[in-house]
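Enquirer: coords below, sequence missing:
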Ligand SMILES: Cc1cc2nc3c(=O)[nH]c(=O)nc-3n(C[C@H](O)[C@H](O)[C@H](O)COP(=O)(O)OP(=O)(O)OC[C@H]3O[C@@H](n4cnc5c(N)ncnc54)[C@H](O)[C@@H]3O)c2cc1C
């Protein structure tokens, strides 16, 4: 059954015939081209330092194939950008699920983070010169990029803490400070950093102190100190850089949108980007469930004379995984529909719901699959261990769960408390009134 026949009925009315055809092509490309090519990608990447200097040739072969199939830049939604492939967020969401089943499919189709978010920033806020210099090669998949916000010295989940100094000197800006978790900075093709820093640290409005500026990756004064590991994995060739800036000079024209507009930009950047991660994570959860089903039906590995699938508890894992994935998918698709019908700002609540729920769901499913494999599940012989490590970081990256939960809780409480209290009070009074008309009494009632 091709992917287009499995679109949830709730989403189906919003999906065009063209998107359905593309969805089926994405599924086939991921399952038949990308997943089998992962071994070649890893082998070409090699070992040690070579992992940071190599661009596996198989990636270019896959990119050429993807372009031939028309599978390119699907992430840029049609009602907000002219440069994309002409799909809605919902349609891309369905496709991203399949991309999330492979470690290399997103890049092969030019839908990989952090380039997607950075391309959205340039398309939305960049001027013509910035678009020409950086957006065009990114859209063509010729270069890669990184977004530098988080800093080692401060709690960066509160973005008002960001310290990197951006000072104007004549026709230039001078940058001083340090960044870490700069994802994508390890790739030898990473040519441009989008850097968030403080251009007006004393501005009375804490949300007007920040700016975003474009910094070519090899500008003098930049030092990439090391690549950070994720539960021991290096994530090469992408990598997560720890980078310092010492009197780094860039032309004043590299500022995006204007001084003091940094917050506005990051709000815009993180909206749809957060659901892209969630959408791919649904695919990763589906993949974990596939691996789980494969193991429990492996007749060579029976326990106590029976395959694992005939033990009740294991079937319950399968059932729970199915329920949880299907529920999480609906939350993501709902957020995508809400963005399509307005914009990311009007869908903040739905995006936050997806951002929190989906990684937790996927981690639960992956954990069950790991358990079903026994020791094999924690080693390199299945994709499960690495998938778990990658997805665990999503509970921190783009803002930790607690920050989103706090905002969701605050909003739910603020928006509903008065109405709920009033309604319950009325219902109680009405109940008393109706009861008194009957002349009956309820025992034990106050
Ligand atoms: C794999 C990975 C990739 C990343 N990629 C990038 C990137 O490309 N660019 C970039 O700029 N950054 C990136 N990050 C960084 C990420 O965005 C930050 O780690 C995140 O925003 C949290 O900031 P912090 O690490 O400074 O934690 P802190 O701000 O120090 O927070 C620590 C903990 O405090 C708790 N906490 C925070 N606020 C609250 C609250 N209101 N209530 C209760 N508890 C709270 C949370 O549990 C949180 O995890 C990446 C991180 C990872 C792990």
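Expert: Ah, there it is. Everything quoted here is computed from the prediction, not taken from an experiment. Numbering: from 1, shown residues only.
Enquirer: From here on, just use CA atoms for contacts and neighbour counts.
Expert: OK.
Enquirer: Torsion angles phi and psi at residue 243?
Expert: Here is the backbone geometry of residue 243 (degrees, to the nearest 10): phi -130, psi 140.
Enquirer: Surely it is in contact with residue 183?
Expert: No: with contact defined as Cα atoms under 8 Å, residue 243 does not reach residue 183; the gap is 11.0 Å.
Enquirer: Skipping its backbone neighbours, what lies nearest the residue in the stretch 1-150 of the chain that the ligand sits nearest to in space?
Expert: Relative to the ligand, the nearest point of the stretch 1-150 of the chain is residue 149 (3.3 Å; Cα to the nearest ligand atom). Ranked by Cα to Cα, 6 or more residues apart in numbering and with sequence neighbours excluded, the top spatial neighbour of residue 149 is residue 196, at 5.2 Å.
Enquirer: Tell me the helices and strands packed up against whichever strand or helix holds that neighbour.
Expert: Element membership of residue 196, judged by DSSP states H and E, is strand 190-198. With contacts taken as 3 or more Cα pairs under 8 Å, 6 or more residues apart in numbering; DSSP states H and E, strand 190-198 sits against strand 144-148, strand 165-169, strand 210-216.
Enquirer: Report the separation between the spatially most central residue of the chain and the ligand.
Expert: The chain has residue 277 as the residue nearest its centroid, 2.2 Å off, counting by Cα atoms, centre = their mean. With the distance defined as Cα to the nearest ligand atom, to the nearest Å, residue 277 ends up 12 Å from the ligand.
Enquirer: pLDDT score for that residue?
Expert: Looking at residue 277, its pLDDT reads 91.
Enquirer: need the contact list for it.
Expert: 355, 394 (Cα atoms under 8 Å, 6 or more residues apart in numbering).
Enquirer: could you redo the last one with a cut-off of 10 Å?
Expert: Listed by Cα atoms under 10 Å, 6 or more residues apart in numbering, the contact partners of residue 277 are 93, 96-97, 100, 112-113, 354-355, 358-359, 391, 394, 398.
Enquirer: May I see the buried residues of the helix or strand harbouring it?
Expert: Taking DSSP H and E as the criterion, residue 277 maps to helix 262-296. For helix 262-296, a neighbour-count test (16 or more other Cα atoms under 10 Å) marks 262-266, 268-289, 291-293, 295-296 as buried.
Enquirer: what domains does the record give for this protein?
Expert: According to the TED database, the chain comprises the domains 7-112, 145-256, 264-399.
Enquirer: any bit of stretch 389-397 sitting next to the ligand?
Expert: Yes: shown here: stretch 389-397 in contact with the ligand (Cα under 6 Å from any ligand atom) through 393, 396, 397.
Enquirer: in the stretch 251-400 of the chain, which spans are strands?
Expert: Here the stretch 251-400 of the chain has no strands by DSSP state E, counting those that start in this stretch.
Enquirer: In TSV, list the contacts of residue 277 along with neighbour count.
Expert: Putting those into TSV (neighbours: other Cα atoms under 10 Å) gives the following:
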residue	neighbour count
93	28
96	29
97	25
100	24
112	19
113	21
354	24
355	29
358	29
359	27
391	22
394	21
398	17
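Enquirer: and which of those is nearest to residue 424?
Expert: The closest of these to residue 424 turns out to be residue 354 (Cα to Cα; 30.0 Å).
Enquirer: Quick check, the closest one in contact with residue 328.
Expert: Yes: with contact defined as Cα atoms under 10 Å, residue 354 reaches residue 328; the gap is 7.4 Å.
Enquirer: who touches both of those two?
Expert: The contact sets of residue 354 and residue 328 overlap at 278, 279, 334 (Cα under 10 Å, 6+ apart).
Enquirer: How about the contacts made by the residue nearest to the last one when sequence neighbours are not counted?
Expert: When the adjacent residues along the chain are set aside, residue 334 lies closest to residue 350, with 7.2 Å between them (Cα to Cα, 6+ apart). Shown in contact with residue 350 (Cα under 10 Å, 6+ apart): 275, 331, 332, 333, 334, 335, 336, 337, 338, 339, 344, 408.
Enquirer: Correct me if wrong: residue 169 contacts residue 199.
Expert: No: using Cα under 10 Å, residue 169 makes no contact with residue 199, being 11.6 Å away.
Enquirer: So which of those two has more stuff around it?
Expert: Between residue 169 and residue 199, counted using other Cα atoms under 10 Å, the more crowded position is residue 199 (25 against 11).
Enquirer: Would you mind listing what in the stretch 1-150 of the chain touches the ligand?
Expert: So the stretch 1-150 of the chain meets the ligand at 147, 148, 149, 150 (Cα under 6 Å from any ligand atom).
Enquirer: What about the residues you listed, which one has the most neighbours?
Expert: Ranked by neighbour count (other Cα under 10 Å), these have residue 150 at the top, with 27 neighbours.
Enquirer: Sticking with the closest residue to residue 83 other than its chain neighbours, tell me its helix or strand.
Expert: Once flanking residues are discounted, residue 83 sits nearest to residue 76: 7.1 Å by Cα to Cα, 6+ apart. Per DSSP H and E: residue 76 is located in neither a helix nor a strand.
Enquirer: related to what we said a few turns ago, from the residues of the stretch 1-150 of the chain next to the ligand, which is closest to residue 367?
Expert: residue 150 (29.0 Å).
Enquirer: Phi, psi for the closest residue to the closest one other than its chain neighbours please.
Expert: Counting by Cα to Cα, 6+ apart, residue 156 is the residue found nearest to residue 150 once chain neighbours are left out, at 5.3 Å. With angles defined as degrees, to the nearest 10, residue 156 sits at phi -90, psi -10.
Enquirer: so who does residue 156 touch?
Expert: 149, 150, 162, 163, 399 are the contacts of residue 156 under Cα under 10 Å, 6+ apart.
Enquirer: ok, the first one touching residue 155?
Expert: In other words, residue 149. No: using Cα under 10 Å, residue 149 is not in contact with residue 155; the gap is 11.2 Å.
Enquirer: so what's in contact with the two at the same time?
Expert: Counting by Cα under 10 Å, 6+ apart, the contacts common to residue 149 and residue 155 are residue 162.
Enquirer: In terms of pLDDT, where does the residue of the stretch 1-150 of the chain closest to the ligand sit?
Expert: Value listed for residue 149 in the pLDDT field: 97.
Enquirer: And for residue 445?
Expert: pLDDT, residue 445: 64.
Enquirer: near the ligand, which residues of the stretch 301-446 of the chain show up?
Expert: 393, 396, 397, 398, 399, 400, 402, 403.
Enquirer: Need the worst-confidence member of the residues you listed.
Expert: Out of those, that is residue 398, at 85.
Enquirer: Pull the number of nearby residues for residue 230.
Expert: The burial count for residue 230: 15, using other Cα under 10 Å.
Enquirer: Contact partners for the closest residue to it other than its chain neighbours?
Expert: Nearest residue to residue 230, sequence neighbours excluded (Cα to Cα, 6+ apart): residue 389, at 6.8 Å. Listed by Cα under 10 Å, 6+ apart, the contact set of residue 389 reads 230, 231, 232, 233, 363.
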